[in-house]
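Chemist: turn this into a model:
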Amino acid sequence: MPEATTEKLHNLASGLDSRPSEDIAAILIDGQVSAAQATSTAKEVITAAAYDMANSIRTDGALYYVAAGSSGLMAAADAMELGGTFGIPEHQVQILMAGGIPTSAHMPGDTEDATASLATDLAKLSKKDTIIVVSASGSTPFTLEAARLGKEAGTTVIAIANNPDAPLFALSKHAIYLPTAPEVVSGSTRMGAGTAQKIALNALSTLMALNLGHIYDGMMVNLRADNIKLRDRAERMVATITGASDGDAAGALKTADGNIKTACLLAAGASSIEHAISLLENARGHLRPALEQIWAETRKNKPFLQTEGKAS
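Modeler: Residues are numbered from 1 along each chain as shown. From the prediction side, this is the model:
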């Protein structure tokens, strides 16, 4: 079999251990920069895949993140942020990491070959779901079996790998190939491959959130404000978006039980919680068209009143 790119020697590997430390640091950092740039080739596939992820959430399906080793850590990191950052319900995000998510510094390598539990773990897969399988080599048995089960169930399969013609791609609807160079330390895919995977995963989930209407002018308007910092951020978002005073923004958030989108609509002039929720439902959860409707109603009822806030 031809040697996988992720297993080849880097072109600067020869004599690496005898170079000055500053030179090695430069090579390592340049490798990370190169890995980040490699993700730009996958923009179109990432965009299409994110749409399907949003559709799964919108139709009460689930996202399954499946990977092993370093790729598993990248996948888990993205999945575990979705609740706090974008308000995605916990039951709609599942993480399957080979061997389980580590609770110590020990992460065994043999678990990536263990596939027996996957049939049970993925027994509830449906056509409404999306499964994201991540593997630098694209040939890890754990992720291959998960992708096979996903395809068999009619689930949307998104595959992320760093080798061309990875077997994982043949089982996927969306094949995200990240053409990273050989690692500076051969086979250590926590480095360049992992960096590219993290960028791709972050792009996928953020585009998904945009499709769901959870981002407005670069603000996380569906975040879960469960600490002092985030409650302060939520108040600032309501004030920034609607032009309301800090006090009015805080009051709207309290009335809306912390829901930022609803609070924005109340601060902008919605007559009640029910009115705000109805506007959001009609806008499929997107704040901008709901706000525009509020401001249009305000101008119609009070044509000489100059309303605050912004809709562009």
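Chemist: make it CA atoms for all contacts and neighbour counts henceforth
Modeler: Fine.
Chemist: quick one: which helix or strand includes Gln94?
Modeler: Following DSSP states H and E, one finds Gln94 within strand 93-97.
Chemist: so for stretch 128-144, mean pLDDT?
Modeler: Stretch 128-144 carries an average pLDDT of 96.
Chemist: work out the gap between that stretch and the centre of the chain.
Modeler: Stretch 128-144 has its C-alpha centroid displaced from the chain centroid by 16 Å (Cα atoms, centre = their mean, to the nearest Å).
Chemist: which residues are in contact with Ile294?
Modeler: For Ile294, the contacting residues are 265, 268-270, by Cα atoms under 8 Å, 6 or more residues apart in numbering.
Chemist: hmm, 10 Å instead?
Modeler: Going by Cα atoms under 10 Å, 6 or more residues apart in numbering, Ile294 touches 265-266, 268-271, 275-276, 279, 288, 300.
Chemist: same thing with Leu291?
Modeler: 241-242, 261, 264-266, 268-270, 276, 279-280, 283, 297, 309-311.
Chemist: just the buried ones out of the residues you listed, please.
Modeler: 241-242, 261, 264-266, 268-270, 276, 279-280, 283, 309, 311 (16 or more other Cα atoms under 10 Å).
Chemist: chain center to the strand holding Gln94: distance?
Modeler: Centre to centre, stretch against its chain (Cα atoms, centre = their mean), the figure for strand 93-97 is 13 Å.
Chemist: surely Arg233 touches Asn222?
Modeler: No. If you go by Cα atoms under 10 Å, Arg233 and Asn222 don't touch, sitting 11.7 Å apart.
Chemist: now Glu7: how far from Ser34?
Modeler: 17 Å (Cα to Cα, to the nearest Å).
Chemist: now, which of the contacts of Ile294 sits nearest Thr140?
Modeler: Comparing the contacts of Ile294 against Thr140 with Cα to Cα picks out Arg288 as the nearest, at 42.9 Å.
Chemist: buried residues in the helix or strand where the closest one lies?
Modeler: Using DSSP H and E, Arg288 maps to helix 287-301. Of the residues in helix 287-301, 287-295, 298 count as buried by neighbour count, 16+ other Cα under 10 Å.
Chemist: just give me the least confident of those residues.
Modeler: Lowest pLDDT among these: Thr298, 72.
Chemist: so that one makes contact with Ser271?
Modeler: No. Shown here, Thr298 and Ser271 do not form a contact pair, counting by Cα under 10 Å, at 11.0 Å.
Chemist: is it true that Tyr65 lies in a strand?
Modeler: Yes. The assignment for Tyr65 by DSSP: H, G, I helix; E, B strand; the rest coil puts it in a strand.
Chemist: which ones are touching it?
Modeler: Taking Cα under 10 Å, 6+ apart, one finds 72, 74-76, 78-79, 93-97, 130-134, 143, 146, 158 in contact with Tyr65.
Chemist: before I go, just wanted to say thanks for your time.
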